[in-house]
Each structure stands twice: as C-alpha cells, then as structure tokens.
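Undergrad: Test case, fold it:
(one chain, ligands or ions: 2)
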Amino acid sequence: MTAIAVADTNKDNKSEDKKALGGAGLRGQSAGTTSLCTVGKTGTGLTYRGYDITDLANYAEFEEVAYLLLKGKLPTQAELDSYKQVLKKARGLPTALCQVLEAIPADAHPMDVMRTGCSMLGNLDQELDFAEQDEKTDTLLAMLPAIICYWYRYSHDGVRIDTANSSEDSIGGYFLEMLTGKAPSDLHKQVMHCSLVLYAEHEFNASTFTARVCASTLSDLHSCITAAIGSLRGPLHGGANEAAMAMIEQWQTADEAEAGIMQMLANKDKIMGFGHAIYRESDPRNALIKAWSEKLSADVGDTHLYAVSERVEQVMKREKGLFCNADFFHASAYHFMGIPTKLFTPIFVMSRVTGWAAHVYEQRANNRIIRPSADYEGPEHQDWLPIEERS
Ligand SMILES: CC(=O)SCCNC(=O)CCNC(=O)[C@H](O)C(C)(C)COP(=O)(O)OP(=O)(O)OC[C@H]1O[C@@H](n2cnc3c(N)ncnc32)[C@H](O)[C@@H]1OP(=O)(O)O
Ligand SMILES: O=C([O-])CC(=O)C(=O)O
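TA: Ligands and ions are numbered 1, 2, ... in the order given. I've put the predicted structure just below:
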C-alpha cells in the first residue's frame with residue numbers, strides 16, 4: 001500500500017514538474033552562474049561578456065572574440081597582434097601526435113579524430129597545474145585546425161602537411177590553407193571569422209555543461225575538452241550542420257525540397273538545423289550566417305542549394321512555426337567554400353574550444369562538484385535470491 005501511494009505521489013509530482021519546466025532535460029532550471037554569455041535575453045538575445053553577437057560577428061576577428069572570452073576583455077591592437085603571434089607559433093604538431101593521427105583510418109568520424117587528437121595532446125602537453133590553463137588552451141586553440149587537417153590530408157590524399165608553416169595569421173585562414181594547400185580568398189577568410197565568432201560560446205549548452213561537469217571534479221583541461229567534443233558530436237547538437245547538409249543536398253529544386261520536407265514532417269522526422277532548446281522566436285546567429293551563405297551562393301554560381309535552403313526555412317516556419325538555428329545555413333555556406341561535409345562539426349570544435357575553456361576557468365574559480373539528484377523510479381526493496389533460485 002505504502003509503496004503504491006509513494007509511487008503515485010512521485011508520478012503526480014513529476015507531471016507537475018514537467019508542466020512547470022516544459023519537460024525533461026533540466027530545461028528551465030539554472031545550473032550555475034556565468035559572466036560569459038546570455039542566450040535568449042536582451043537585444044538579439046545572444047551576448048558574449050555583454051557584447052551583442054551582431055556587433056561581434058560584423059566587426060570582430062575570431063581571435064578578438066577568443067581573447068574576450070578567455071582573458072575577459074576585448075584586446076587592444078597590440079594585445080591582439082601579440083596573441084595572434086602566440087597562437088601562430090604554437091601550431092606545429094608534435095611528431096608523436098602526427099603518428100597517432102596517421103594510424104586513424106580514412107573512414108573514421110572526424111569528430112572522433114578531434115577527440116583522439118585532443119586526448120593525445122593531453123598526454124604530450126600535460127596540464128600539471130591550473131596555473132598553466134591559459135597556455136594549454138592557447139596550444140589547443142592553435143593545434144585543433146592542424147589536427148583535423150593533418151589527419152584528413154594524410155588519410156585522404158597521402159600527404160603529410162607541414163602544420164608549422166603558414167603565412168595565414170588567422171585560425172580560419174590557416175584551417176583553409178592547411179585543408180586545400182592554397183591561400184584562401186579574402187571572402188572565405190571573412191566567412192570563417194564570422195562562423196567561428198558565431199560558434200564560439202553559448203552558455204550552458206550540452207557540450208559546455210559536459211566540460212563544466214568534468215572541470216568540477218578538478219580534472220585537467222584536456223579531459224574537459226575531450227569530454228565536450230564527445231557531447232558536441234551528436235546530431236541534436238553540433239552534428240546538426242552535417243545532418244542538415246546531408247538533407248538539403250538530396251534536392252535539386254525548391255519544389256522538390258518542399259515536397260521532401262512535407263513528407264519528413266508527415267513521417268514525424270526531426271528536421272536537422274531547426275528548433276532550439278532556449279530560443280523561442282529565432283536564433284540570432286541564423287541571419288548572420290545566412291547572409292554569408294547568400295553571398296557565397298552568388299560567388300560560386302550556385303543554381304539551387306541556396307534556394308532549396310530558403311524554401312526549407314519557409315516551409316518549416318509555415319508548417320511548424322520552427323526557425324533555423326545556427327547550424328542550418330552553415331551547411332550551405334561551408335559547402336560553397338568547398339569544405340567537405342564531414343569536416344563541418346570539427347570547425348565548430350575549433351571555435352567552441354574558446355567557450356569551453358572559458359567555462360572551465362569559471363568553474364575552477366568558484367567550484368563545487370556538480371552532482372545533481374535523480375528521482376528514483378525503480379523497484380522497491382527486493383529480497384536477495386541465490387543464483388540457483390532465479391528464473
Ligand atoms: C548549435 C546547436 O546545437 S543548435 C541545435 C542543433 N540541433 C538540431 O538542429 C537538431 C534538430 N532540433 C532538435 O532536435 C531540437 O529542436 C533541439 C534538440 C535543438 C531542442 O530540443 P527541445 O528543447 O526538446 O525542443 P522543443 O522543446 O522546442 O520542442 C518542441 C516541439 O517541437 C518539435 N521539434 C523541435 N525541433 C524540431 C525539429 N528540428 N524538427 C521537427 N520537430 C521539432 C519537438 O519534437 C517538440 O514536439 P513535441 O512536443 O511534439 O515532442
Ligand atoms: O545552446 C544550445 O543548446 C545549443 C547551441 O545553440 C549551441 O551550443 O551553440
């Protein structure tokens with residue numbers, strides 16, 4: 001009797017909670033404090049340390065935003081120049097890391113390559129004291145583009161690239177040069193700055209929260225970032241930009257796209273690159289990357305992909321009231337720049353490592369181990385059964 005009464009009460013509480021919190025997934029609950037970012041609050045709804053995302057995306061280089069997140073203020077020109085020099089000098093991959101990357105097969109998932117690369121670096125460049133956190137983050141930020149490009153070029157083209165030598169002084173430009181072996185255009189470098197700025201930070205999203213949970217045990221930086229990469233990999237989070245590309249490239253015309261989306265909605269499929277856990281009306285990053293996608297579409301003489309993407313956006317609004325999140329127009333933008341689809345989410349990592357590291361610093365500065373409770377819904381007490389009496 002008692003057990004049933006308790007179970008019923010829990011059930012009632014749970015449906016009350018569900019109504020109050022809009023469901024599971026810790027939605028609507030504050031899980032800590034941060035001075036890094038607001039999501040869905042004032043202005044366009046996204047700020048980094050008080051600066052609106054539109055200003056940052058339109059006027060800042062990615063390295064300025066990295067500095068803002070990691071060091072707490074926008075850099076002066078002299079500070080920015082010297083920060084970029086530090087990052088540039090740290091790019092060359094250690095031989096032992098190259099050897100590990102060469103052992104990873106060409107059909108590996110590039111996010112697994114990023115995870116392994118980060119983890120291996122944690123063995124070669126150990127964080128022995130939290131006083132080293134800035135230096136370790138700089139090295140990671142500098143090496144993540146090199147890690148993915150070294151593996152990609154070796155496993156796909158049989159080429160060992162020289163990761164230490166590049167005239168490109170920005171992370172975006174360096175990535176494109178390492179990937180293609182050619183100097184990138186100014187247009188492509190501008191798009192990379194915007195994209196990396198948009199992806200840099202987003203409060204307590206799943207991967208950042210993963211990093212903070214790991215940091216709260218007083219673990220090392222590489223463990224926190226490796227864990228975060230694993231969380232970002234999933235298609236409900238960072239992996240959505242690749243999934244969106246796989247979807248839109250099936251369609252040759254906007255009408256075909258409309259029919260395809262209607263069918264997917266009838267099948268109750270999730271449409272990748274749409275919806276958001278926090279934003280209700282729009283994701284402010286969408287308009288910014290969409291504008292670049294349109295520009296790139298004209299630049300490459302695209303005949304259909306941008307039109308397909310726009311039609312998907314219209315149909316999703318009309319049918320479900322859902323809007324594009326940061327990932328949707330990233331798909332076509334990256335595609336127009338000639339970036340292979342499977343490298344889309346690793347670019348997200350190259351940027352978000354700044355937000356993750358800044359959150360690790362915050363967590364360390366005011367730490368209590370993150371350890372929530374759970375509502376138990378398993379069986380009540382059970383009597384022990386010797387193995388021969390079990391069925
Ligand atoms: C950078 C980023 O990580 S942005 C997110 C990238 N992820 C994606 O694009 C994946 C597709 N989108 C989704 O799966 C979800 O919108 C998430 C994971 C982003 C957010 O999930 P939730 O917070 O649970 O979404 P939310 O509570 O707003 O969902 C409301 C309803 O809309 C539906 N919905 C939300 N997004 C979508 C979508 N993309 N396609 C179809 N239906 C959707 C949900 O199924 C839910 O319906 P239900 O109440 O009948 O179950
Ligand atoms: O905030 C989220 O849940 C997901 C997201 O948009 C991000 O991490 O950029």
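Undergrad: Residue 326: neighbouring residues, count only.
TA: For residue 326, the tally of surrounding residues (other CB atoms under 10 Å) stands at 25. No exception for glycine: its C-beta is placed from N, CA and C like everyone else's.
Undergrad: ok and the residue in the chain nearest ligand 1?
TA: Proximity of the chain to ligand 1 (CB to the nearest ligand atom) peaks at residue 275, 2.4 Å away.
Undergrad: residues in contact with that residue?
TA: Residue 275 makes contact with 322-323, 325, according to CB atoms under 8 Å, 6 or more residues apart in numbering.
Undergrad: Relative to residue 283, how far out is it?
TA: From residue 275 across to residue 283, the span is 9 Å (CB to CB, to the nearest Å).
Undergrad: shared neighbours, these two?
TA: Common neighbours of residue 275 and residue 283 (CB under 8 Å, 6+ apart) are 323, 325.
Undergrad: From the contact counts, what lies against the helix or strand harbouring residue 82?
TA: Using DSSP states H and E, residue 82 sits within helix 77-89. Helix 77-89 sits against helix 62-71, helix 133-157, with contacts defined as 3 or more CB pairs under 8 Å, 6 or more residues apart in numbering; DSSP states H and E.
Undergrad: Would you mark the buried spots in the longest one?
TA: Under the neighbour-count criterion of 16 or more other CB atoms under 10 Å, helix 133-157 has 133, 136-155 buried.
Undergrad: With the first one instead?
TA: Buried residues in helix 62-71, defined by neighbour count with 16+ other CB under 10 Å: 62-70.
Undergrad: so residue 292 touches residue 333, yeah?
TA: Yes. Counting by CB atoms under 8 Å, residue 333 is a contact partner of residue 292 at 5.3 Å.
Undergrad: Now for the two: what residues contact both?
TA: 191, 195.
Undergrad: Determine the number of other residues adjacent to residue 170.
TA: 20.
Undergrad: Write out the residues of the stretch 251-391 of the chain neighbouring ligand 1.
TA: 270-277, 320, 322, 325-327 (CB under 6 Å from any ligand atom).
Undergrad: ok, so of these, who is nearest residue 238?
TA: Closest approach between those and residue 238, by CB to CB: residue 327, at 7.6 Å.
Undergrad: can you give me the strands in this protein?
TA: 37-39, 46-48, 51-52 (DSSP state E).
Undergrad: Highest mean neighbour count out of the ones you listed?
TA: Comparing the strands of the chain by mean neighbour count (mean count of other CB atoms under 10 Å), strand 46-48 ranks first with a mean of 25.
Undergrad: Quick one: mean pLDDT for that strand?
TA: For strand 46-48, the mean pLDDT works out to 97.
Undergrad: repeat for stretch 264-272
TA: pLDDT averaged over stretch 264-272 gives 98.
Undergrad: now do stretch 86-95
TA: On average, stretch 86-95 scores 98.
Undergrad: And for stretch 304-319?
TA: For stretch 304-319, mean pLDDT is 98.
Undergrad: Export only the CA atoms of that stretch, formatted as CSV.
TA: Extracted C-alpha coordinates of stretch 304-319, given in CSV (Å, rounded to 0.1, in the frame of the first residue of the first chain):
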residue,chain,number,x,y,z
HIS,A,304,19.8,25.6,-56.5
LEU,A,305,21.2,24.9,-53.0
TYR,A,306,20.6,28.3,-51.5
ALA,A,307,17.0,28.4,-53.0
VAL,A,308,16.5,24.9,-51.5
SER,A,309,17.7,26.1,-48.1
GLU,A,310,15.4,29.1,-48.2
ARG,A,311,12.4,27.0,-49.2
VAL,A,312,13.1,24.6,-46.3
GLU,A,313,13.2,27.6,-43.9
GLN,A,314,9.8,28.9,-45.3
VAL,A,315,8.1,25.6,-45.1
MET,A,316,9.3,24.9,-41.5
LYS,A,317,8.0,28.3,-40.4
ARG,A,318,4.7,27.8,-42.1
GLU,A,319,4.1,24.2,-41.0
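Undergrad: quick one: contacts of that stretch?
TA: 247-249, 251-258, 261-262, 265, 271, 274, 293-294, 297, 322-324, 328-329, 331-332, 335-336.
Undergrad: thinking again about what came up before, out of the helices and strands packed on helix 77-89, flag the one nearest ligand 2.
TA: With CB to the nearest ligand atom, the closest approach to ligand 2 among the helices and strands packed on helix 77-89 belongs to helix 62-71: 13.4 Å.
Undergrad: now the helix holding residue 82 and helix 62-71, what's the angle there?
TA: Calculated by axes from the mean of the first three to the mean of the last three CA atoms, to 10 degrees, helix 77-89 forms an angle of 100 degrees with helix 62-71.
Undergrad: list the buried ones in helix 77-89?
TA: 80, 83-84, 87-88.
Undergrad: got it, and stretch 177-188?
TA: Under 16+ other CB under 10 Å, the buried positions of stretch 177-188 are 177-179, 184, 188.
Undergrad: swap in stretch 228-245?
TA: Across stretch 228-245, burial judged by 16+ other CB under 10 Å covers 228-229, 231-233, 235, 237-245.
Undergrad: May I have the distance across that stretch, first residue to last?
TA: 23 Å (CA to CA, to the nearest Å).
Undergrad: which residues touch it?
TA: 109, 111-112, 114-115, 118, 205-211, 214, 270, 272-273, 325, 327-328, 330-332, 334-335, 341-342, 344-345, 348-349, 352, 356.
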